[in-house]
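[1] the following block contains a protein sequence and its predicted model.
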Amino acid sequence: MRIELVKRKEQSKAMALLSPVIAIALTALSAAIIFSLTGHNPALGLYKFFIEPLTQQWSLEATIDKATPLILIACGLAICYLSNNWNIGAEGQFIIGALFGSFLPILFPDFENGATLPLMLVSGALGGALWALIPALLKTRFNTNEILTSLMLVYVASLLLDYLVRGPWRDPGGFNFPESRMFSDAATLPEVFGGALSLATPITLVIAIVLAVLLAKTLKGFEIRVMGQSPRAGSFAGFSAKGLTLFSFALAGALAGLAGTMEVSGALNQLLPTISPGYGFTAIIVAFLGRLNPLGIIVAGFVLALSYIGGEAVQTALGVSNKIASVIQGLLLFFVLACDTLILYRVRVISRRAPGGEASHV
């Protein structure tokens, strides 16, 4: 018996809209099974993980804080994926953006004026863009695999961060703890909505809306969609595959770098060896769960941020491993991709018992 995937002639639009909901439902069912296998009440585990964080103001605010970098990074990744460029290194671009953005408050702590924060944000975006352009240039110049190069650069960025925080950028008054000096008020993102959130959240929402308009209403958005679906047709239209690769990687890196700077100048207010719980990798799930649409990504980012807060909640209440959030995030990505695969393809089972055996379709 052999199993094949056969491309469908027509794709169901209804299933394309429902597939994220189906994926979330299957993930919740799998999470219930995991809680049950580990000896915990599955109903209580699901409540603690998915519902309780939405019932308290502090946890709701924390969820929005977690969602902000996920949404911003995922919006950049969506541009890459729509243009058929597979940027897997947003985590490294996030870290490099944080390093570039922290340059001023760490090395020039006395530089405190109205230009400090804007310069930090611009530097962070520039750093992320430059880091993302490395795999882009390697792809356009030497035809290297951007998946491998962008992913390997994540580890380079992580080690560079660890070296700087434990070495040259370590706080001289920090009792040898691996952390930088605290940022000044001029280098800190202001709070909005009565102190409930930082300025990073409205900035992220504005960028997501702008990108949604760019994709839907501009020539550049049309170029991204055409080159992603049919590079040959795009070349006939005069679009440059190399130029789009550089553009998409630079934009994704800039947004990831901006997210990194806003994270260290807002929630953390300093550099630490671990400034990210894996935002760059989780943002990949957010991008696909949001159907590579910036507006859908806003909702998906909130759902994935809920997994971070919910993971902490079940760890405290039930004593389960702190890796439960990563497991559930991985399951969600699996079910999202599985649903998308079945939308695009049908399963054909071919029996080998007789020559020309009959095939069944699903």
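    Great, that's in hand.

[2] quick one: the strands in the stretch 251-362 of the chain?
    In the stretch 251-362 of the chain, the strands defined using DSSP state E, counting those that start in this stretch lie at 345-350, 359-361.

[3] per-stretch mean pLDDT over those, give me the minimum one.
    Mean pLDDT values for the strands of the stretch 251-362 of the chain show the minimum at strand 359-361, a mean of 53.

[4] count of residues packed around residue 146?
    Applying other CB atoms under 10 Å, we find 23 residues neighbouring residue 146. All C-beta atoms are positioned from the backbone trio N, CA, C, and that covers glycine.

[5] please renumber so the chain begins at 14
    New numbering, starting at 14: the last item is residue 159.

[6] leaving out the residues flanking it, which one is nearest to residue 18?
    Excluding the flanking residues, the one nearest residue 18 by CB to CB, 6 or more residues apart in numbering is residue 358, at 4.0 Å.

[7] bridge partners for that neighbour, pull those for me.
    residue 20 (DSSP bridges).

[8] which ones are touching it?
    18-21 (CB atoms under 8 Å, 6 or more residues apart in numbering).

[9] what about 10 Å?
    17-21, 24, 375 (CB atoms under 10 Å, 6 or more residues apart in numbering).

[10] same check on residue 326?
    Counting by CB under 10 Å, 6+ apart, residue 326 makes contact with 58, 60-66, 69, 72, 319, 338.

[11] please apply the same query to residue 214.
    74, 77-78, 80-81, 84-85, 202, 205-206, 275, 279.

[12] count of residues packed around residue 86?
    Around residue 86 there are 36 residues (other CB under 10 Å).

[13] relative to residue 49, how far out is the closest residue to it other than its chain neighbours?
    Leaving aside its sequence neighbours, residue 86 sits nearest to residue 296 (CB to CB, 6+ apart; 3.8 Å). Distance, residue 296 to residue 49, using CB to CB, to the nearest Å: 30 Å.

[14] quick one: the helices in this structure?
    26-50, 55-59, 70-95, 103-120, 129-155, 159-179, 213-230, 232-242, 244-249, 254-276, 292-302, 307-331, 337-357 (DSSP state H).

[15] and those as TSV, adding distance to residue 363?
    TSV is the format used below for those (distance: least, CB to CB, whole Å):
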stretch	distance to residue 363
helix 26-50	25
helix 55-59	38
helix 70-95	32
helix 103-120	40
helix 129-155	37
helix 159-179	31
helix 213-230	40
helix 232-242	29
helix 244-249	31
helix 254-276	37
helix 292-302	30
helix 307-331	37
helix 337-357	18
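
[16] got the ones you listed as a markdown table, with distance to residue 190 and mean pLDDT columns?
    Output for the helices of the chain, formatted as a markdown table (distance: least, CB to CB, whole Å; pLDDT from 0 to 100):
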| stretch | distance to residue 190 | mean pLDDT |
| --- | --- | --- |
| helix 26-50 | 36 | 89 |
| helix 55-59 | 35 | 91 |
| helix 70-95 | 24 | 94 |
| helix 103-120 | 15 | 95 |
| helix 129-155 | 23 | 97 |
| helix 159-179 | 10 | 96 |
| helix 213-230 | 25 | 96 |
| helix 232-242 | 45 | 93 |
| helix 244-249 | 50 | 86 |
| helix 254-276 | 19 | 96 |
| helix 292-302 | 23 | 94 |
| helix 307-331 | 23 | 91 |
| helix 337-357 | 26 | 88 |
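
[17] between the ones you listed, which gets nearest to residue 193?
    Closest approach to residue 193 among the helices of the chain (CB to CB): helix 103-120, 5.2 Å.

[18] what is that closest one packed up against?
    Judged by 3 or more CB pairs under 10 Å, 6 or more residues apart in numbering; DSSP states H and E, helix 103-120 is in contact with helix 70-95, helix 129-155, helix 159-179, helix 254-276, helix 292-302.

[19] out of the ones you listed, which gets nearest to residue 103?
    helix 292-302 (3.7 Å).

[20] run the chain-centre distance for that closest one.
    The chain centroid and the centroid of helix 292-302 are separated by 3 Å under CA atoms, centre = their mean, to the nearest Å.

[21] mind giving me the packing neighbours of that helix?
    By 3+ CB pairs under 10 Å, 6+ apart, helix 292-302 packs against helix 26-50, helix 70-95, helix 103-120, helix 159-179, helix 254-276, helix 307-331, helix 337-357.

[22] what residues sit buried inside the first one?
    Right, helix 26-50. 32-33, 36-37, 39-41, 43-45, 47-48 (16 or more other CB atoms under 10 Å).

[23] next one: the last one
    For helix 337-357, the neighbour count (16+ other CB under 10 Å) marks 337-342, 344-346, 348-349, 352-353, 355-356 as buried.

[24] from residue 264, how far off is residue 71?
    34 Å.

[25] residue contacts, the residue most central in space within the chain?
    Centroid-nearest residue in the chain: residue 296, 1.4 Å away (criterion: CA atoms, centre = their mean). Going by CB under 10 Å, 6+ apart, residue 296 touches 82-91, 103-104, 107, 265, 268-269, 272, 310, 313-314, 317.
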